[in-house]
Structures are given as C-alpha cells and as structure tokens.
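Asker: Below are the sequence and a predicted model; questions follow.
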Amino acid sequence: MEFDYAYQGSIIVETLNQVYTIHQGEAYFINTNVMNTKRKGPGQKSAMEHAHLFHPILLTGHYRSVFETKYLNPILKNLSIEVVIIRESTPSGRQFFKLLQQLTQLDGKADKEFQIRSLLSQAWLALIDEINTQQQYALTTTPYAQERIKQMISFIHRHFDQKVTVADIAAHVGVSEKECSRSFHKYFHQSPIDYLIQYRIDQAKQRLIKSDDPITTIALGVGFNNSAYFTKIFKQRTNMTPKAYRMSQTIK
C-alpha cells in the first residue's frame, strides 16, 4: 500500500481504469495490488513526492486478525477504490496530512519502528473517515451544485492574496451569503473563511520551502495583514511557527 504527498509539482497517476491528477500540496493513497504508472504533470519541469510504501501485514499483525477483517479488508478488497486523493479541506484530511508529516520527520531516526506502525495505524483510520466523507459527498452533490462549488473554490484560489469576504464569494456565483456558507459546511465541513485561511497557509508553506523571502513578505503575499497574525494562525494549523517549518523542511 502507498501513502504519498505531492511535495513539488503535480503528479499524474495512471491505473488500468483511470487517470488521476494530484496537485502540489495534495496527498493520495494507492490501494494494494493496483497497477499504476506515475509521471510529472504536463508543463512541469520536475515533480517530487514524499512516499510511504508498506505491506498490509504491518497493520494487520497476522492473517485474519480483527485489524484485517474489520479495518483493512473493507478498503483493500473494494475494487472501486484505486486512488484516493486527500486534501486538507476536511477534518480527516487535515489529520491525514499531520500524520504524514510526522512520518516524514522520522526519516533517518533510529528505533522508529513502533512509531511508524502507530502513525500508519492512525493514518489508516483517518483514511477510512476521509473515504466515507468523499463517498457521502458524491451521493449528495448534484452536477449543478458541483459546478457552483467549483466556481467558489476557483474564486478563492484566484484571489486568496487579496481581501476576500463571504459576500465576495457568494456574489461570484449569485447566491446569498447564507447559501454560500451552507454549501461549504455541507461539502467541506468548514466555513468559506476557514477554507480560505487553510489555502493561504498551504501557499505559505510552499513559499517558505522554495524561497528565502522574509516571513513578513510571505505573510502579506498570501493575504494576511501582518506577520504576527500569520504566525499565530500558522502555528494553530501546523503546530509549528513559520520559521520552524522552514527549518524542518530545509533539514530534509
């Protein structure tokens, strides 16, 4: 099985049945025994990922254990589940990202086997929650509602570095602020502003890694009014200050 994070650039994963595009900053799960090929996205000079490959027995312990029959088999034996793309827009997605980051930080450390198994087990539970969330979303989303929420997200992605309000997002698709908020809570389990803040944080992470720009410059560049507020929110979302995050990624 495979847990991966698109660290730089976009990645194309092609199976026998479908082609999946994983954008920079997204994570994904590849199910066991799924034949696939990977390549960098179109127009990309390069693509990098943090990859965690492991055998199911690391989590099951032994054949026909309760871990296998209750938690793993419902996914491993589900032929409709090939690749699951995971984002930080849901509670389970954010938990999954946090656990992957902790797994990456264990690289090169000694006596880490129990920690790895524990983190992978927690990540598996987060994956189960995320799959359930995505399946529920697919059942309740109409094509019209899908297109509308896509337009809202696109507006945020284009204007995240500017002052954006719920009224701005709602006006872009011609709905009320209440309906805009209801849509985000239904499909992403968070408010439009929470989504906007998380997207700003994701963009800040990439700039912290790829540039030597001062923290204040990055804060203003992703839409925060000042570096103090940016640092406060960044730490709330990542359990690290921007400076510490930059150092941790540089060490890798």
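Answerer: Nice, thanks for sending it over.
Asker: Would you agree residue 80 falls within a strand?
Answerer: No: counting by DSSP: H, G, I helix; E, B strand; the rest coil, residue 80 falls outside a strand, being coil.
Asker: Run a quick neighbour tally on the closest residue to residue 48 other than its chain neighbours.
Answerer: Counting by CB to CB, 6 or more residues apart in numbering, residue 48 lies nearest to residue 8, which is 4.1 Å off, once chain neighbours are set aside. The way it works is simple: take the backbone N, C-alpha and C, and place the C-beta from them, glycine included. Look at residue 8: counted by other CB atoms under 10 Å, it has 17 neighbours.
Asker: Could I get the contacting residues of residue 8?
Answerer: 24, 46, 47, 48, 49 (CB atoms under 8 Å, 6 or more residues apart in numbering).
Asker: okay, who's weakest in those by pLDDT?
Answerer: For these, the weakest pLDDT value sits at residue 46, with 86.
Asker: what's the spacing between the residue nearest to residue 170 when sequence neighbours are not counted and residue 191?
Answerer: Closest residue to residue 170 apart from its sequence neighbours, by CB to CB, 6+ apart: residue 180 at 3.8 Å. Using CB to CB, to the nearest Å, residue 180 is found at 9 Å from residue 191.
Asker: With residue 29 instead?
Answerer: Taken as CB to CB, the span from residue 29 to residue 191 is 27 Å.
Asker: now do residue 178
Answerer: From residue 178 to residue 191 the distance is 12 Å (CB to CB).
Asker: Now the most centrally placed residue in the chain: closest residue in space that isn't a chain neighbour?
Answerer: The centre of the chain sits closest to residue 87, judged by CA atoms, centre = their mean, with a distance of 2.7 Å. Spatially, and ignoring its direct neighbours in sequence, residue 87 is nearest to residue 93 (5.2 Å; CB to CB, 6+ apart).
Asker: which ones are touching the one you found?
Answerer: For residue 93, the contact set (CB under 8 Å, 6+ apart) comprises 27, 86, 87, 126, 130.
Asker: how many other residues sit next to the residue nearest to residue 53 when sequence neighbours are not counted?
Answerer: Excluding its sequence neighbours, the residue lying closest to residue 53 (CB to CB, 6+ apart) is residue 2, at 5.1 Å. Neighbours of residue 2 under the rule other CB under 10 Å: 16.
Asker: so what's residue 2 up against?
Answerer: Contacts of residue 2 by CB under 8 Å, 6+ apart are 29, 30, 51, 52, 53, 54.
Asker: So what's the residue count around the fifth one?
Answerer: Just to be clear, that refers to residue 53. Neighbours of residue 53 (other CB under 10 Å): 9.
Asker: Verify the contact between it and residue 1 for me.
Answerer: Yes: assessed by CB atoms under 8 Å, residue 53 is found in contact with residue 1 at 7.3 Å.
Asker: Tell me which stretches of the stretch 101-250 of the chain form strands.
Answerer: In the stretch 101-250 of the chain, no strands are defined using DSSP state E, counting those that start in this stretch.
Asker: pLDDT below threshold where in it?
Answerer: 137-142, 250 (pLDDT under 70).
Asker: could you show me where the helices are in it, in order?
Answerer: Counting by DSSP state H, counting those that start in this stretch, the stretch 101-250 of the chain has helices at residues 113-140, 143-159, 166-173, 177-188, 192-210, 215-221, 227-238, 242-251.
Asker: More neighbours: residue 178 and residue 191, which one.
Answerer: Applying other CB under 10 Å to residue 178 and residue 191 shows that residue 191 carries more neighbours, namely 14 against 10.
Asker: how close does the more buried one sit to residue 95?
Answerer: 19 Å.
Asker: Over to residue 106?
Answerer: The value you get for residue 106 to residue 95, if CB to CB is used, is 17 Å.
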